[in-house]
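A.B. asks: Quick one: sequence plus predicted model below, questions after.
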There are 2 protein chains.
Amino acid sequence: MAQATGLSPAAVSYALRGLQVSEETMERVRAAAAELGYEADPIARALASGRTGMIGLLCGSLEDLWQQSLAVGISRGLREKDRYALILDAVGDPARERALAQQLRDQRVDGMIVQPVDPAAPFWPALCETLPVVAIGDSLAGTAGEVVFDNRRGVTLALEHLKGKGHRHVAVLTPTRPSTPDRPADVHVTAEADRLGLDIEVATASHGLAAATEAAHRVLRDGRPSAVFCFADSIAYGVYAAAAERGLSIPGDISVMGYDDHPMSGLLTPGLTTVDWDIDGIVRAAVRLISAAADGATRRRRVVQQPTLRERGSVLSRS
Amino acid sequence: MAQATGLSPAAVSYALRGLQVSEETMERVRAAAAELGYEADPIARALASGRTGMIGLLCGSLEDLWQQSLAVGISRGLREKDRYALILDAVGDPARERALAQQLRDQRVDGMIVQPVDPAAPFWPALCETLPVVAIGDSLAGTAGEVVFDNRRGVTLALEHLKGKGHRHVAVLTPTRPSTPDRPADVHVTAEADRLGLDIEVATASHGLAAATEAAHRVLRDGRPSAVFCFADSIAYGVYAAAAERGLSIPGDISVMGYDDHPMSGLLTPGLTTVDWDIDGIVRAAVRLISAAADGATRRRRVVQQPTLRERGSVLSRS
DNA sequence: CCGCTTCAGTGATACGGTTCAGTGAACCGC
DNA sequence: GCGGTTCACTGAACCGTATCACTGAAGCGG
C-alpha cells in the first residue's frame, strides 16, 4: 500500500485515519485503497496501537432468553459504533465467569460489559484497573460505568402487586448464584416481604427451561404458596411448564410473576405479569458507557434503570 | 519473557506450544510464566501466524429466537474447542450480509459459519476461496462444509400433516428474503402443495415479534386460510399474537404450524405443532465441520439434517 | 575414531501497521 | 530579510510472536 501510492507507510497510516494530511494525499490514498480493495489489517493495527475494536460481553447466563435479547441488542449497538462484541456465557458459574473474564482481558478487548454472576468476587477490582468495565444489573467496585437496576423498587412493585391481590404466601425463585447471603436483590426480597408481612420461601433455579421446570416442580410440590415470584421471566416459563405438567391452572391454582419482560411473556396464556426493565434503554446505556470508556473517558458514570409493572393475567385476585 | 528465562524468544515460543524443547527448558518457561502470570499475546500471535482463533458466525436474523439458540449453542461449542465466536447479525438483509461477511474476512477470522440470507449471492464462491466456510440451512458453492436441512422432507411433513387434518387452504409465511423465486425451500412448498392438491398463498414476514404479528394480521385479514404454515417458529409466534388480537382461537378458528421447534413453542397454549430440526445436532455438526476446516482439513463435508414432526395442539382436525 | 543424523536452541527476519522525533518548505509578523 | 511557527510528510523504532535457516552438541553405527 505504501508503494502503491509512493508515500511512506506513515503517511498512509495517517491518511487512512483522516489525520494530518493534505487533500491531495488523502485523495491519492483513497484512490489506491479503492483500486486494490485494500483494508487496513485490524490485527497489525491492534498490535501496534494496543486497541482491537472488540468489546467483551460477558453474560451471566445465556440460557436466559432475556439475556439473549440483551446480547443481541448490545452486539448490534456496538456494531453501529464500529466495534465488535465478543459474546461469552458464564452459565451462572462464578468460576467460569472468572476464567472468561481473564480470557477476555488476554484477548486484549478494549473493554467489557458484564452482567456479573458474582459481583462480590475479589478479582473484579483488579480487572477494572486493567481495562474499562461496564456492569449491568449489579454494581462492581471500580467499574468505568454501570447500568444498575433499582431492584428495591422492582421487588417492591412485584411484592406489593401480589399483596394487593391478596397473596400472603409467596415462593420466590431466584437464579442460581453464589451463596452470598447479602446479594442485593435477595436482600430486598426479604426486607420487602417483612415490611409487607408476606410469608416467603426462597429457592434457586437456573435459567434453562428444563432446569427451571424442575425447580418449579419442587416448589409446587413442597410448599403451598399461592403465588410464585420468579427473578427472571425465563424461570417463570419453567413454572408455566411445571404447572401444566401437574394439571394446575395459572392463575386459578397458582399465580406467577416474572421479572424482565421478555417478548414471549405476552404470548403465554395467561400473559405473564412481570416487571419491565426497558431492555432498549439498558442496551443504549451500556453501549454508550462502554464506548465512552473505551475511548478514554475517565469519569465514572452510573445509570439507574427504573422498572415498570406490566400486568397481564398470571396473578389471581383473591379478594 | 525471553529475558525472564534467559532463553531466546524462539525457544520460549516453542516451549509455550510444547514443541521441540527439552524437559528442563520446558520447566523453566513454565515456572517463569506462572510467576509473571504471563500469557502469550494472542494479537502478536495472530499477526505472526495468520490465525486468530476466532470463527465468524454470520446469522441470517438474530430476531429469530431459534437462531439465537443456535448462536448460543455454537458459541459454547467453539469455546470448548478454544476458539471464539464472533457473532454477527445480517437482519435478513442481503446487502448487510455481504458487508458483514467481508468485514469478518478482514477481521482475519479463521473461518466462518453462515446461515445465508441469500445463498445465491455471487460473492460467496469468491469468499469461500479465501477462508473456510460452513453453511447452515442452505447450500453454498465452494463451502468447506455444510449442514443442510432436508427441506423437501420438512415441507412434506408439515403439509401432509395439514392435509391429513383436512386443511385445503393454507397460508404460508416465509422469512423476508431476496426475491429469488427459486429459493429451494419455497420451491418445495409450491411443489408439495401441488402434489397434495393444497391451495396456498405465500407471504413474507420478518422474525421480530412485532413484524411477524403485522404480517400475520395481513394474512388473516385478506385471505381465508384454515391454517397458516410458518417457516420459522418465531413467525408463528406472530400468528399467535395476531390471532389473540383479532379474537380468533387457535386452533378453533385458525390452525398454525411452525418450523424449527424452539423451546417456547411447547409452552404456548395450545402448543405449537412444528417441525423439529434437532438444534443440538446442528450445533455439533457445524462446530465439528468448521473446526476441521479451520485446522486445515480439505475434504468438503456435508451433513444432512432430517426433520421430525412435533405434534402439539395448534392444528385442528377438520374431519 | 569418524562421518552422519537427530535434537535443542539461537539469530534474524517477517507480520503490517502505529507513533514519535525530526525535516524541509511555506507562511507569519516585524 | 530574518527568527519563529505551522504544516505535511518521512525515517526509524516498535508492538510480541512465529518461523526459517543454521549451529553446536550429542547419539549413532561401522
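C.D. replies: Alright, I've got the coordinates.
A.B. asks: okay, CA-based contacts and neighbour counts for the rest of this
C.D. replies: Fine.
A.B. asks: Roughly how far does the most centrally placed residue in chain A sit from DNA strand D?
C.D. replies: Nearest to the mean C-alpha position of chain A, by C-alpha atoms, centre = their mean, lies A:Gln115 at 4.8 Å. According to C-alpha to the nearest atom of the strand, to the nearest Å, A:Gln115 and DNA strand D sit 29 Å apart.
A.B. asks: now A:Ala203
C.D. replies: For A:Ala203, the distance to DNA strand D - C-alpha to the nearest atom of the strand - is 45 Å.
A.B. asks: Verify the stated contact: that residue with A:Val172.
C.D. replies: Yes: if you go by C-alpha atoms under 8 Å, A:Ala203 and A:Val172 touch, sitting 6.1 Å apart.
A.B. asks: Give me the more crowded residue out of those two.
C.D. replies: A:Val172 (24 against 16; other C-alpha atoms under 10 Å in any protein chain shown).
A.B. asks: For that one, give me phi and psi.
C.D. replies: Main-chain dihedrals, A:Val172, degrees, to the nearest 10: phi -120, psi 130.
A.B. asks: For it, give the beta-bridge partners.
C.D. replies: A:Val202, A:Phe229 (DSSP bridges).
A.B. asks: what ranges do the strands span in chain A?
C.D. replies: A:54-59, A:84-89, A:111-114, A:133-137, A:145-149, A:169-175, A:199-205, A:227-230, A:255-257, A:274-276, A:301-305, A:308-310 (DSSP state E).
A.B. asks: Quick one: neighbours of A:Ala121, just the number.
C.D. replies: 16.
A.B. asks: what's A:Ser226 in contact with, if anything?
C.D. replies: With contact set as C-alpha atoms under 8 Å, 6 or more residues apart in numbering or on different chains, A:Ser226 has these partners: A:167-170, A:253-255.
A.B. asks: how close does the residue in the stretch 201-319 of chain A that chain B sits nearest to get to A:His161?
C.D. replies: Closest residue of the stretch 201-319 of chain A to chain B, C-alpha to the nearest C-alpha: A:Leu268 (5.4 Å). According to C-alpha to C-alpha, to the nearest Å, A:Leu268 and A:His161 sit 20 Å apart.
A.B. asks: Neighbour count: these two, which is higher?
C.D. replies: A:Leu268 (22 against 18).
A.B. asks: How about the contacts made by A:Val202?
C.D. replies: Contact partners of A:Val202, counting by C-alpha under 8 Å, 6+ apart, are A:171-174.
A.B. asks: do the same with A:Ala243
C.D. replies: Counting by C-alpha under 8 Å, 6+ apart, A:Ala243 makes contact with A:217, A:249-250.
A.B. asks: If you rank those residues by neighbours, which is first?
C.D. replies: Neighbour tally across the contacts of A:Ala243 (other C-alpha under 10 Å): the maximum, 22 neighbours, falls on A:Ile250.
A.B. asks: Quick check: nearest residue in space to that residue, chain neighbours excluded?
C.D. replies: Using C-alpha to C-alpha, 6 or more residues apart in numbering or on different chains and skipping residues adjacent in sequence, the residue nearest A:Ile250 is A:Ser314, 6.0 Å away.
A.B. asks: can you give me phi and psi for the one you found?
C.D. replies: phi -90, psi 0.
A.B. asks: That one and A:Glu146, how far apart?
C.D. replies: 32 Å.
A.B. asks: In terms of neighbours, single out the busier of these two.
C.D. replies: More crowded of A:Ser314 and A:Glu146, by other C-alpha under 10 Å: A:Glu146, with 27 against 24.
A.B. asks: surely that one meets A:Arg288?
C.D. replies: No: counting by C-alpha under 8 Å, A:Glu146 sits too far from A:Arg288 to count as a contact (10.7 Å).
A.B. asks: ok, which residues in chain A are in contact with DNA strand C?
C.D. replies: By C-alpha under 7 Å from any atom of the strand, the residues of chain A that approach DNA strand C are A:1, A:9-14, A:16-17, A:39-41, A:44-49.
A.B. asks: do that again at 10 Å, thanks
C.D. replies: Within reach of DNA strand C by C-alpha under 10 Å from any atom of the strand, chain A has these residues: A:1-2, A:8-17, A:19, A:38-51.
A.B. asks: Which ones among the residues you listed map onto helices?
C.D. replies: Mapping these onto helices (DSSP state H) picks out A:2, A:9-16, A:42-49.
A.B. asks: Which of these are buried, as a PyMOL select command?
C.D. replies: Remark: buried members of these, expressed as a PyMOL selection using 16 or more other C-alpha atoms under 10 Å in any protein chain shown:
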select buried, chain A and resi 11+12+13+15+16+42+43+44+45+46+47
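A.B. asks: same for DNA strand D: which of the ones in helices among the residues of chain A next to DNA strand C are within range?
C.D. replies: By C-alpha under 10 Å from any atom of the strand, the members of those lying near DNA strand D are A:2, A:9-15, A:43-49.
A.B. asks: Quick check: the residue of the stretch 151-300 of chain A nearest DNA strand C.
C.D. replies: A:Asp295 (11.9 Å; C-alpha to the nearest atom of the strand).
A.B. asks: Tell me the pLDDT of that residue.
C.D. replies: We have a pLDDT of 90 for A:Asp295.
A.B. asks: And for A:Ala144?
C.D. replies: 89.
A.B. asks: Might you report the residue contacts of it?
C.D. replies: A:128, A:132-134, A:289-290, A:293, A:298-301.
A.B. asks: Of those residues, which count as buried by neighbour count?
C.D. replies: The buried subset of these - by 16+ other C-alpha under 10 Å - is A:128, A:132-134, A:289-290, A:293, A:301.
A.B. asks: picking up where we left off before, reformat the contacts of A:Ala144 as a markdown table; add distance to DNA strand D.
C.D. replies: Formatted as a markdown table, those follow (distance: C-alpha to the nearest atom of the strand, whole Å):
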| residue | distance to DNA strand D |
| --- | --- |
| A:Cys128 | 19 |
| A:Pro132 | 19 |
| A:Val133 | 21 |
| A:Val134 | 25 |
| A:Leu289 | 27 |
| A:Ile290 | 24 |
| A:Ala293 | 22 |
| A:Thr298 | 23 |
| A:Arg299 | 27 |
| A:Arg300 | 27 |
| A:Arg301 | 30 |
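A.B. asks: Pipe these into CSV and attach distance to B:Ala32 per row.
C.D. replies: Putting the contacts of A:Ala144 into CSV (distance: C-alpha to C-alpha, whole Å) gives the following:
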residue, distance to B:Ala32
A:Cys128, 25
A:Pro132, 28
A:Val133, 29
A:Val134, 32
A:Leu289, 37
A:Ile290, 34
A:Ala293, 33
A:Thr298, 34
A:Arg299, 37
A:Arg300, 36
A:Arg301, 39
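A.B. asks: Surely A:Trp124 is in contact with A:Ala141?
C.D. replies: Yes: the criterion here is C-alpha under 8 Å, and A:Trp124 meets it with A:Ala141 at 7.0 Å.
A.B. asks: Looking at these two, which is more packed in?
C.D. replies: A side-by-side neighbour count of A:Trp124 and A:Ala141, using other C-alpha under 10 Å, places A:Trp124 first with 20 against 16.
A.B. asks: residues touching the more buried one, list them.
C.D. replies: So A:Trp124 contacts A:140-142 (C-alpha under 8 Å, 6+ apart).
A.B. asks: Nearest to A:Val109 among the residues you listed?
C.D. replies: Of all these, A:Gly142 has the smallest distance to A:Val109: 17.6 Å, by C-alpha to C-alpha.
A.B. asks: so what's the closest one up against?
C.D. replies: A:124-125, A:128-129.
A.B. asks: thinking again about what came up before, may I ask you to confirm that the residue of the stretch 201-319 of chain A closest to chain B is in contact with B:Gly266?
C.D. replies: No: in this structure, A:Leu268 is not within contact of B:Gly266 by C-alpha under 8 Å, at 10.5 Å.
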